[in-house]
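1. Curious how this folds, go ahead:
(chains A, B, C and D, ligands or ions: 2)
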Amino acid sequence: MAGLEDLYREIILDHYRSPRNKGELETPPAHRTEGFNPLCGDEIVVYVDTDDDGNVNDIKIGGQGCSISQSSASMMSAAVKGKSVEEARQITSAFKRLMSIHETSVGGDGSEAEADDLEIDPDIKLGDLEALQGVVKFPTRIKCATLAWNTLNQAFDEIDEA
Amino acid sequence: MAGLEDLYREIILDHYRSPRNKGELETPPAHRTEGFNPLCGDEIVVYVDTDDDGNVNDIKIGGQGCSISQSSASMMSAAVKGKSVEEARQITSAFKRLMSIHETSVGGDGSEAEADDLEIDPDIKLGDLEALQGVVKFPTRIKCATLAWNTLNQAFDEIDEA
Amino acid sequence: MSNDTIDVAAIRRDFPILAQTQDDKRLVFLDSAASSQHPQQVLDAMNDVYLNSYANVHRGVYQLAERATSAYENARKSVARFIGAPSANEVIFTKNATEAINLVAQAWGRANLGPGDAVVLTLMEHHANIVPWQMMAAEIGFEIRWIEVTDDGQLDLSNLDQLLDGAKVLAFTAMSNVLGTVNPVERLTAAAKAAGAITVVDACQSVPHFPTNVVEMGADFVAFSGHKMLGPSGIGVLWGRMEMLDAMPPFLGGGGMIVNVTRDGFSADAVPGKFEAGTPPIVEAVGLGAAVEYLENIGMEAVRKHEVELTAYTMRTLTERLGDDLILLGPSEPAARGGVFSLAFADVHAHDVSQVLDEHAVCIRPGHHCAKPLMKRFDMNATARASVYIYNDTDDIDALADALVAARDFFAL
Amino acid sequence: MSNDTIDVAAIRRDFPILAQTQDDKRLVFLDSAASSQHPQQVLDAMNDVYLNSYANVHRGVYQLAERATSAYENARKSVARFIGAPSANEVIFTKNATEAINLVAQAWGRANLGPGDAVVLTLMEHHANIVPWQMMAAEIGFEIRWIEVTDDGQLDLSNLDQLLDGAKVLAFTAMSNVLGTVNPVERLTAAAKAAGAITVVDACQSVPHFPTNVVEMGADFVAFSGHKMLGPSGIGVLWGRMEMLDAMPPFLGGGGMIVNVTRDGFSADAVPGKFEAGTPPIVEAVGLGAAVEYLENIGMEAVRKHEVELTAYTMRTLTERLGDDLILLGPSEPAARGGVFSLAFADVHAHDVSQVLDEHAVCIRPGHHCAKPLMKRFDMNATARASVYIYNDTDDIDALADALVAARDFFAL
Ligand SMILES: Cc1ncc(COP(=O)(O)O)c(C=O)c1O
Ligand SMILES: Cc1ncc(COP(=O)(O)O)c(C=O)c1O
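-> Ligands and ions are numbered 1, 2, ... in the order given. As a prediction, the model looks like this:
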């Protein structure tokens, strides 16, 4: 099963089995946003607490999903916690680029193709998240990997609008 | 053009060129019913004047259509004029049987397949109308040949209901 | 082999796609509940139209058009015969079952439902038999009532009379696409009739697998799709009782569904034309006609018997090989269900199971199967669903079991 | 042959159906305006899916499903490129153009039109662009206004501003399927925009024959069918500006168009999923994608040039051979029209003309061509319509003229 080891790296399975920042935050002050993968039924709930200076003070993840969507959410939470919203958005863009969004097709869903065209700071390091690179070879799984990120972005948008 | 001579018998062309009973009747006392062939746009208007004893005192035909629908209407008017409504319905059934309705398929149109199941008097003679038999070999033209008859039947139904 | 058993090896030879290998492994296709594969006979029938007799239907007098029209109308007759419809004119071709149900919910619904009315659905419906009613409920303001589902995946009919009291519609699936549950169609239609409600049966999962007689079902409307019964994509069927279809307004407007059009308005054609606006899926209907003939040649009794046997084998094998590690939703009695198996491991997500199975060339489908209210009822967000058809045999089930064992082991802590 | 001319003989070799004879006569197919024929490349693309890569789309993780999904989505991209759509997600697959127009009239219409509003149509519309609006007018109570048609078959735009005053929608055909008239699309969309009306362009007869750029057209919605542009039956396209599609409610409800469904309601998916309820015409979309690539290889400029030349030849030949016996509707300038010829003899009905032509293996269509209000305008109930495409040449036109002469003589008094 050569292909499978590409997809299911050890670190991914580790985050799946021991998810970081799992749980809920009180709302308010935190903001709660739900995301769905309409194809497979995965649900993500992102609780994010930002302060007046635009920093992600805390983040918690709820919901159910496959190893890819859950581990991606777990790694995301670790990557953005304590960062500024601006940096978090940059990491999101960098991650989506890693997922080849814009270059490869995902099929059927408007949102992916509309990924934002932010200039990405070359200093952004994805670290552990790079382990998800193998997902690119499994096109339908890209939606699993990006679910949490799209939900986080939506949470930021909702906070901005409020 | 062997096939064509089957379809366009001389008597058919004669009725087409010199239609019998063409015109209108005053309504009331006559009854006016329109029929359409939705496929080709042919229109038939049947004016029929029945008396209290259930006889077709007079009939006139209006509308536009192809040689088959026009000649069939013309022959029909000649065949039913002066007959009782009951006889006229019998002739209609006999004519539809000649058109193989029930046995062959016509396609798409509910009304044809629902042709009534009257017992047909074996004494009914179709006479000139037999010339239309060739139409059976040209399935789409069956609708042309039966348009006037369906319209007449509808007129009788409307008179019955009134 | 006796007359009522089917020769799977011979059938497989008719399905070119099943001969392929994936990484040198025999392809094991267990996703027919989503969409089935196609025998060469169906492809030949469609190619024959395109190569020899293609034209738009119902409008030409030339020979190609006559041949295309009669091929299309003969398909209508074949489908009518297959489902026991009293008249071919009661068979309306749509693009899929979803359009068929929307046609009823929207065209019949707008003409017949009002605020304060009630429509009864079951909790095991596919979204295709939920969302159209929810859309109309939002527009019109009627109530939707739900027949609950028991723990072993049956409809809970204990309060049926109460649910039907004052209801105008009962819409339900003949067989669950998630649980495999075969519902008591005749009991349900009879109860609805007694309560004065019309019935809409989603027969997507039953028509391909069971002998069907719409008159015996006692329904007013029956919807199904061609692509789940060996037919092509792009074609579905709405059967309706003529009386209902006659009295209903049209759904889509356009060419082919009118008797006359003036500046001031239009008059609709007779059924079925009234409901087939625009150029229909001509060649797709012909393909479905060929699929129906293929199934008739096998015999639907034999199809059902094969599937009950394979269902029993599947349940036995999965229990033997995976025991308590694997949850199988739905009724435990093979004869009470169709060949649809929704599986779940406690610790491995359906999506991951499917991925491992794909490595074994075993094709199954993970997800909510367009039945989210039902998934919620069982507190799941996804299952891995395997489903069988005439071309599946015990080898396929053994391969499924092997691959499931591998999936469990791969993700074992 | 230069680069912008087309090689009809080479093209004809790609269309197996055109090689057939009828009573030893070469088949002369002149009914492409109703539905066109299919190059082997389109049939091969569809067979390839059925033989190698068929599965339901968007829902499986196994390789067949991945391949089917990407074939389907690649077709969307091909169509988007062909019509100059800014995003592939603006391309919605329907079963035909009629469904596409109904989608706009019903889903956009119910959300945006009210009593007292006005919708402007032209008198040369196909029923597909009349009846959906009449159905909504009857439901909602808005007014329908008509752009008249001049004697030479052009839109009478003298009172356009007045007609558009206060109108919410202008829906019109880019090219008449009866008269061949090519309408001034950009002028009409600009006038509508200035008046605050949205525009719906019925591009059934233009997309197959002209280079198309939906952005330059300036329309909000554009509808067309696959089966008139070398594609299979069972597939149509609605293109819409993303902003419009985003803001609209869905049309059909079911699987594949939702993000979530609960007992209490549903939330709709993003465009295009929102408008593609149920299993879509998967293989039909792939066939349309292949058709688009076939046309791109020829080049739409070359297609148009060929048709203008053939139109000029047709008009010249018919005049020479039949003179005043034959009436040809529509504009007299070949460059102002498409290759659609509605013909009428004073004394021979179109149905009879077609019948005689069929004996000569010449396939044309008699009738009202689903444009009864237009026929009435010209005081006719039927014409005999011949129409050309890339596989027609001057031999076909000569055969048409011969057969018309024979028809006239057969029915001569
Ligand atoms: C101008 C025009 N509009 C609409 C249609 C309807 O297309 P379809 O029947 O494919 O829905 C046609 C073709 O019949 C047409 O020519
Ligand atoms: C029970 C049931 N109903 C409805 C549908 C919808 O069928 P389609 O997608 O062909 O419209 C399906 C299949 O997806 C089904 O299984």
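2. Show me what from the stretch 251-400 of chain C comes close to ligand 2.
-> Within reach of ligand 2 by C-beta under 6 Å from any ligand atom, the stretch 251-400 of chain C has these residues: C:C370. Where you see a C-beta, it was placed from the backbone N, CA and C, and this is true even at glycine.
3. Strands of the stretch 251-400 of chain C, start to end?
-> C:258-262, C:265-268, C:326-328, C:340-345, C:362-363, C:365-367, C:383-387 (DSSP state E, counting those that start in this stretch).
4. which stretches of the chain have low pLDDT?
-> No chain was given, so I picked chain A. Along chain A, the model assigns pLDDT under 70 to residues A:1-2, A:102-120.
5. meant chain C actually
-> C:1-3, C:413.
6. give me that answer again for 90
-> Along chain C, segments meeting pLDDT under 90 span C:1-5, C:58-61, C:335, C:347, C:381, C:411-413.
7. Now do the host helix or strand of C:D161: which elements does it pack against?
-> Secondary-structure assignment from DSSP states H and E places C:D161 in helix C:160-164. Counting contacts by 3 or more C-beta pairs under 8 Å, 6 or more residues apart in numbering or on different chains; DSSP states H and E, helix C:160-164 packs against strand C:143-147, helix C:185-195.
8. Quick one, which of these gets closest to chain A.
-> Closest of the helices and strands packed on helix C:160-164 to chain A is strand C:143-147, at 19.5 Å (criterion: C-beta to the nearest C-beta).
9. what packs against the closest one?
-> Looks like strand C:143-147 contacts strand C:118-122, helix C:131-140, helix C:160-164 (3+ C-beta pairs under 8 Å, 6+ apart).
10. hmm, back to that, can you put the helices and strands packed on helix C:160-164 in JSON lines and add mean neighbour count?
-> Listed next are the helices and strands packed on helix C:160-164 as JSON lines, based on neighbours: other C-beta atoms under 10 Å in any protein chain shown:
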{"stretch": "strand C:143-147", "mean neighbour count": "18"}
{"stretch": "helix C:185-195", "mean neighbour count": "18"}
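11. which of the helices and strands packed on strand C:143-147 is buried the deepest?
-> Comparing the helices and strands packed on strand C:143-147 by mean neighbour count (mean count of other C-beta atoms under 10 Å in any protein chain shown), strand C:118-122 ranks first with a mean of 24.
12. what does that one rub up against?
-> C:113, C:129-130, C:133, C:136-137, C:142-147, C:149, C:155, C:163-164, C:166-173, C:183, C:192, C:197 (C-beta atoms under 8 Å, 6 or more residues apart in numbering or on different chains).
13. go with 7 Å
-> By C-beta atoms under 7 Å, 6 or more residues apart in numbering or on different chains, the surrounding residues in contact with strand C:118-122 are C:129-130, C:133, C:142-147, C:155, C:163-164, C:166-173.
14. Ok, stretch C:100-108 next?
-> By C-beta under 7 Å, 6+ apart, stretch C:100-108 touches C:94, C:128-129, C:132-133, C:136, C:200, C:202, C:221, C:223, C:236-238, C:248-251, C:275, D:252-253.
15. which of the residues in that stretch are buried?
-> C:A100, C:I101, C:N102, C:L103, C:V104, C:A105, C:Q106, C:A107, C:W108 (16 or more other C-beta atoms under 10 Å in any protein chain shown).
16. Any part of it near ligand 2?
-> No: shown here: stretch C:100-108 not in contact with ligand 2 (C-beta under 6 Å from any ligand atom), separated by at least 7.3 Å.
17. Equivalent analysis for stretch C:218-229, please.
-> Yes: contact of stretch C:218-229 with ligand 2 (C-beta under 6 Å from any ligand atom) involves C:S225, C:H227.
18. what distance separates the start and the end of that stretch?
-> End-to-end distance for stretch C:218-229, by C-alpha to C-alpha, to the nearest Å: 22 Å.
19. Other residues contacting the helix holding C:D161?
-> C:V120, C:R145, C:I147, C:L170, C:A191, C:A192, C:A195, C:A197.
20. Count residues in the vicinity of C:S267, would you?
-> 12 (other C-beta atoms under 10 Å in any protein chain shown).
21. What's opposite it in the beta bridge?
-> Per DSSP bridges, the residues bridged to C:S267 are C:N260.
22. residues contacting it?
-> C:I258, C:V259, C:N260.
23. Export these as TSV, with columns for distance to B:I124.
-> Output for the contacts of C:S267, formatted as TSV (distance: C-beta to C-beta, whole Å):
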residue	distance to B:I124
C:I258	35
C:V259	29
C:N260	32
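24. For PyMOL, what selects the buried ones among the residues you listed?
-> The PyMOL command for the buried members of those (criterion: 16+ other C-beta under 10 Å) is given here:
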select buried, chain C and resi 258+259+260
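25. what about residue 11, neighbour count?
-> Going with chain A. A:I11, neighbours per other C-beta under 10 Å, totals 16.
26. my bad, chain C
-> Neighbour count of C:I11, defined by other C-beta under 10 Å: 19.
27. cool, C:Y72 as well?
-> By the criterion of other C-beta under 10 Å, C:Y72 has 25 neighbours.
28. The host helix or strand of it vs ligand 1: in contact?
-> Per DSSP H and E: C:Y72 is located in helix C:63-82. No: residues of helix C:63-82 contacting ligand 1 under C-beta under 6 Å from any ligand atom: none, with a closest distance of 13.5 Å.
29. List the buried residues of the very next helix or strand once past that helix.
-> Where DSSP H and E defines the elements, the next helix or strand beyond helix C:63-82 is strand C:91-94. Neighbour counts over strand C:91-94 (16+ other C-beta under 10 Å) mark C:V91, C:I92, C:F93, C:T94 as buried.
30. State whether A:V48 is indeed within a helix.
-> No: counting by DSSP: H, G, I helix; E, B strand; the rest coil, one finds A:V48 to be strand, located in no helix.
31. List the contacts of residue 21.
-> By default, I'm working from chain A. Per C-beta under 7 Å, 6+ apart, neighbours of A:N21: A:I59, A:K60, A:I61, A:S74, A:S77, A:A78, A:K81.
32. Chain C is the one I meant
-> Applying C-beta under 7 Å, 6+ apart, the residues near C:T21 are C:L27.
33. got it, and C:L326?
-> C:L326 touches C:L318, C:L343, C:F345, C:L404, counting by C-beta under 7 Å, 6+ apart.
34. For the stretch 251-400 of chain C, which residue gets nearest to chain B?
-> Counting by C-beta to the nearest C-beta, the stretch 251-400 of chain C gets nearest chain B through C:A270, at 3.8 Å.
35. Which one of the residues in the stretch 251-400 of chain C is closest to ligand 2?
-> C:C370 (5.9 Å; C-beta to the nearest ligand atom).
36. dump the residue contacts of the closest residue to that residue other than its chain neighbours.
-> Excluding its sequence neighbours, the residue lying closest to C:C370 (C-beta to C-beta, 6 or more residues apart in numbering or on different chains) is D:G255, at 3.6 Å. For D:G255, the contacting residues are C:T98, C:H126, C:H127, C:A128, C:C370, D:A277, D:G278, by C-beta under 7 Å, 6+ apart.
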